[in-house]
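Q: Make a model of this:
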Amino acid sequence: MDSDSTIIEPTSGNTGIGLAFVCARLRLRLILTMPESMSVERRKLLAHLGAELHLSPAAEGMQGAMDAACHLLATTENSYMPDQFSNPANPAIHRETTAEEIWQQSGGKVDIFIAGIGTGGTFVGVGEGLRSHNPAVSLIAVEPQESPVLSGGAAAPHAIQGIGANFVPSIFRPELADEILPVQSEMAIATARELAQQQGFLCGISSGAAVYAAKQVALRPQNRGKTIVTILPDTGERYLSTALFTQTKQR
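A: Next comes the predicted model:
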């Protein structure tokens with residue numbers, strides 16, 4: 001790449017925001033493709049950081065954003081796509097940093113790790129890292145119940161932005177997962193709202209899905225006394241225009 005390069009990437013939000021920060025600093029052109037169903041807050045933040053945003057049809061999910069990005073890559077001179085869904089640097093950074101932080105801060109007391117699957121990078125990287133310390137760590141992947149693609153079901157619309165792409169990412173390693181746990185969108189939203197109103201954690205819908213899954217796993221008799229770790233990947237401020245907030249009752 002050089003100063004005239006264009007970066008192109010499909011995103012549901014967080015990776016795009018990270019790329020926008022970097023490209024703004026390096027003064028590189030950034031084109032992001034995103035399903036039109038993603039929140040308005042994400043779109044405004046990306047535009048504010050200088051990214052060019054191309055919205056793909058909501059019905060096509062992340063596959064539509066991926067197809068749009070590939071078309072732009074083929075038709076844009078001197079362009080490059082990091083491709084978070086297949087880039088080995090994605091799980092590698094979580095293996096080298098996130099997993100080590102979890103292991104050290106827990107004092108090595110991790111029995112179960114649970115994560116939602118967007119690209120699969122966090123799940124794979126953290127899972128591999130934790131198992132390098134303790135091969136007995138149980139790994140549970142979370143996906144939307146309405147779109148159980150990882151479980152072999154059909155892709156369908158859902159409300160858990162950030163996870164549940166309508167294809168299986170190439171960096172996801174299904175053999176790592178001891179279980180794939182489906183979560184309904186409405187339960188993810190309800191749990192995210194509960195975290196804000198009862199715990200003071202302002203997080204997004206995919207965080208709600210992860211915590212809901214962790215609570216269900218914790219209720220199993222065989223997991224009494226075990227340490228369960230999950231990831232809350234997003235802030236609730238990026239969901240102000242979604243059902244997470246529009247259904248909130250005023251006290």
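
Q: only C-alpha atoms for contact and neighbour calcs from this point on.
A: OK.

Q: if I've got this straight, Ala155 is in a strand?
A: No. Assigned with DSSP: H, G, I helix; E, B strand; the rest coil, Ala155 falls outside any strand and is coil.

Q: wait, it sits on Gln145?
A: No. The criterion here is Cα atoms under 8 Å, and Ala155 misses it with Gln145 at 10.0 Å.

Q: Between the two ends of stretch 133-153, what distance do you get?
A: The straight-line separation of the ends of stretch 133-153 (Cα to Cα, to the nearest Å) is 33 Å.

Q: buried stuff in that stretch?
A: For stretch 133-153, burial by neighbour count (16 or more other Cα atoms under 10 Å) applies to 137-150.

Q: Can you report how many residues lie near Ala192?
A: A count of nearby residues for Ala192, using other Cα atoms under 10 Å, gives 26.

Q: Please give me every residue in contact with it.
A: Counting by Cα atoms under 8 Å, 6 or more residues apart in numbering, Ala192 touches 202-205, 207-209, 244.

Q: Report pLDDT for it.
A: Listed pLDDT for Ala192 reads 96.

Q: Just say helix, strand or coil for Asn166.
A: coil.

Q: tell me the domain ranges of the chain?
A: 6-80, 89-239 (automatic domain parsing).

Q: what's the first-to-last distance across the first one?
A: With Cα to Cα as the measure, the first residue of domain 6-80 is 6 Å from its last.

Q: one step back: in strands only, show me the buried residues of stretch 133-153.
A: 138-144 (DSSP state E).

Q: Just the buried residues of stretch 172-182, please?
A: 172, 176-177, 180-182.

Q: Contacts for that stretch, please.
A: 119-121, 123-124, 127, 138-145, 148, 150-151, 213.

Q: Same check on stretch 120-138?
A: 85, 90-96, 98-100, 103, 110-117, 139, 141, 169, 171-173, 176-178.

Q: Quick one, which of those residues are buried?
A: Buried among the contacts of stretch 120-138 (16+ other Cα under 10 Å): 85, 90-92, 94-95, 98-100, 103, 110-117, 139, 141, 169, 171-172, 176-177.

Q: Show only the entries of those found in helices.
A: Counting by DSSP state H, those place 90-92, 99-100, 103 in helices.

Q: In contact with Met34, which residues are there?
A: By Cα under 8 Å, 6+ apart, the neighbours of Met34 are 10-13, 53-56, 62, 65.
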